[in-house]
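**Student:** Predicted model and sequence below, questions to follow.
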Amino acid sequence: MLGQQDVGHRIVVRRIVGIREGRPLFSDALGELVELSETHLTLATAQGPLRVARDEVHRAKRVPPTRRPTAAAVIELELAADEAWPAPTRDRLGGWLLRAADGWTGRANSALPVGDPDRPLPAAVDAVERWYTEHDLTPMVNTPLPLAAPVGAELDRRGWSSRPPVLVQTAPLPLPAAPGTATPLGPATPASAQVAAVVELAAAPTEEWLAVAAGRKGGLPDAARHVLTAVDQIRFAHAYADGALVAVGRGTVTGPGRWLGLSLIEVLPQARRQGLAGRVIRALADWGTAAGATRAFLQVEQRNTGAVALYQGLGFTTHHTYLTRVAPH
């Protein structure tokens, strides 16, 4: 049976749709699993969303994507993502990247093993361990899958743990038109119940914006400000309702493929489930399209089913996954 690790992946479900002459009738559905609860699962199919009660599921399993991205495509996207989240301390190990940012976020404080490290794999992992130890950080490695599966196997052998899987999702730009007042996180929201908010984009974040980011990420050391701002093409979204900040977001355009990177999409608790996250994303997507981006990407933990459903409703699908691996203490 399916588990939370399957959210964001392509699955096939055989469900019971009736009984004839005492025998069950079955129907198969194929699509991306966007939500899995104790009672229901939701698929994004070619015909639209399909919600199935779990007690109607006869059999379900993950199936391969229609087309797996090439190694070159994964490397291009991972390098664009690195450029969009730039660690202030950097080094190279052949084609691998070594990154540090005073421990602020896993992405900015982990090695990225893309390309050839110019030495045997065990020696490369030894060098990663030494570099992070010299920088007073726990060694970590981001392993894009299946590209870095051999690296993952070496880390398994050494007893490294894994953080929750992350989906790297992409969508073509421009994004599809907003579907009225419907929200992918639930039924359509009446216009009278939505927050009357204005989304403003700025080249630099306000102190209020930074305070929201600090609350989500656990503080903002000096290195964090570098990670957040040291990108040439960047915009910070601020959504205001009645003069108060109610949602934020960050967009960057990086890489030769002109990728729009979306990050730190956050709605304050009092304004959630009002469609604000989608409005922030669309505002950043419009800016990115005007700036020459042709595709958008974001990174989301696969266990965050609400966010996965939101992004699916905006046209995002899973490109590949990665695991952040952590060395034993």
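**Tutor:** Now that the structure is in, tell me what you want to look at. Numbering: from 1, shown residues only.

**Student:** Provide the backbone phi and psi angles at Asn304.
**Tutor:** Backbone dihedrals for Asn304, given as degrees, to the nearest 10, come out at phi -90, psi 70.

**Student:** Span of stretch 266-278 from start to end?
**Tutor:** 11 Å (CA to CA, to the nearest Å).

**Student:** Revised request: answer the last question for stretch 134-154.
**Tutor:** Taking CA to CA as the measure, stretch 134-154 stretches 21 Å from start to finish.

**Student:** who touches Val151 in this structure?
**Tutor:** Contact partners of Val151, counting by CB atoms under 8 Å, 6 or more residues apart in numbering, are 113, 121, 125, 141, 143. To be clear about C-beta, it is placed using only N, CA and C from the backbone, and glycine gets the same treatment.

**Student:** do Leu147 as well
**Tutor:** Leu147 touches 71, 74-75, 114, 320, counting by CB under 8 Å, 6+ apart.

**Student:** ok so, going back, so which of the contacts of Val151 is surrounded by the most neighbours?
**Tutor:** In terms of neighbours by other CB atoms under 10 Å, these top out with Pro113 at 29 neighbours.

**Student:** Touching, that residue and Leu145? I think so.
**Tutor:** No: contact between Pro113 and Leu145 fails when scored by CB atoms under 8 Å: they sit 11.3 Å apart.

**Student:** right, and Leu50 touches Thr42 too?
**Tutor:** Yes: between Leu50 and Thr42 there is a contact under CB under 8 Å: 6.9 Å.

**Student:** Compare those two and say which is more crowded by neighbours.
**Tutor:** Using other CB under 10 Å, the more surrounded residue of Leu50 and Thr42 is Thr42, with 22 against 16.

**Student:** which one is the more buried one nearest to, not counting chain neighbours?
**Tutor:** Nearest non-adjacent residue to Thr42, counting by CB to CB, 6 or more residues apart in numbering: Glu35, 4.0 Å away.

**Student:** how long is stretch 250-268 end to end?
**Tutor:** Using CA to CA, the distance between the terminal residues of stretch 250-268 is 15 Å.

**Student:** Pull out the buried positions in it.
**Tutor:** 250-255, 258-268 (16 or more other CB atoms under 10 Å).

**Student:** Then stretch 66-84?
**Tutor:** Of the residues in stretch 66-84, 69, 74-84 count as buried by neighbour count, 16+ other CB under 10 Å.

**Student:** Cross those residues against strands and list the overlap.
**Tutor:** In strands, judged by DSSP state E, none of the buried residues of stretch 66-84 are found.

**Student:** could those be laid out in TSV, adding pLDDT and distance to Glu200?
**Tutor:** Converted to TSV, the buried residues of stretch 66-84 look like this (pLDDT from 0 to 100; distance: CB to CB, whole Å):
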residue	pLDDT	distance to Glu200
Pro69	88	35
Val74	95	35
Ile75	96	35
Glu76	96	31
Leu77	97	29
Glu78	98	31
Leu79	97	30
Ala80	98	26
Ala81	98	25
Asp82	98	28
Glu83	98	25
Ala84	98	21
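
**Student:** In helices, which of those fall?
**Tutor:** The helices, defined by DSSP state H, take in 74-84 from those.
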